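1. I need the structure of the sequence given here:
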Amino acid sequence: MDETACQSVTNIRRVLHAPNTKNIQVHCGERLKINVIGFMGVNCRSYMETNERGDSINFVKALCHFRMENMLNNEAKQLIEEEITNSNLEDEYIKRILAQKSLNGMDLINKVNDELYNDKHSNQESIAKIKKMLNKEDSNNPYKIKKEREKRLLSNLDNPLIRELLSFEI
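-> Residues are numbered from 1 along each chain as shown. Take a look at the predicted model:
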């Protein structure tokens, strides 16, 4: 298993200058970057996949693709492919679910009022806590969307039929 992100700039701090150009630095505006996840199979069926981001969701999907590449059961391949491309992993669906899970208007107003009139904190601390509370309740919060997507992907893959079909594989 190997994950690599190549870069086009060197990692040295010392800059080498041509004669009479000590204070002139030429910067290249383009930077090349690629995220590659690869796995080496025991049966010589290695797998390599490029991703836009190297996050955990893409890593799990790459593991599933590697597993599909090295299995013989076509029904299990199809089930795994359906689960990793399921519509419940899309942003809009997850935002709707998060909006349903969030506090309703009155509960949120009550929590904000409780924090505003809390005598233990100064005004700045109260404002910071309210801001943090509102960020947690926001259905467009990228962290919450990512966590919900991870949870849904793992629950999709925890299918008893997939487990049964994979138990016959070597």
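
2. Could you use CA atoms for every contact and neighbour count after this?
-> OK.

3. all strands of this structure, in order?
-> For the chain, the strands defined by DSSP state E occupy 2-6, 34-39, 47-51.

4. Compare those and say which comes out lowest on pLDDT.
-> Least confidently modelled of the strands of the chain is strand 2-6, at a mean of 60 by mean pLDDT.

5. what about residue 71, distance to residue 36?
-> 22 Å (CA to CA, to the nearest Å).

6. Nearest residue to the middle of this structure?
-> For the chain, the residue nearest the mean C-alpha position is residue 55 (4.1 Å; CA atoms, centre = their mean).

7. Identify the residues contacting the closest residue to residue 112 other than its chain neighbours.
-> Computed as CA to CA, 6 or more residues apart in numbering, the closest residue to residue 112 that is not its neighbour in sequence is residue 130, at 6.2 Å. Contacts for residue 130 were tallied using CA atoms under 8 Å, 6 or more residues apart in numbering; they are 112, 115-116.

8. between those residues, which is closest to residue 49?
-> Checking the contacts of residue 130 against residue 49 by CA to CA gives residue 112 as the nearest, at 46.2 Å.

9. what number of residues lie near that closest one?
-> Counted with other CA atoms under 10 Å, residues neighbouring residue 112 total 19.
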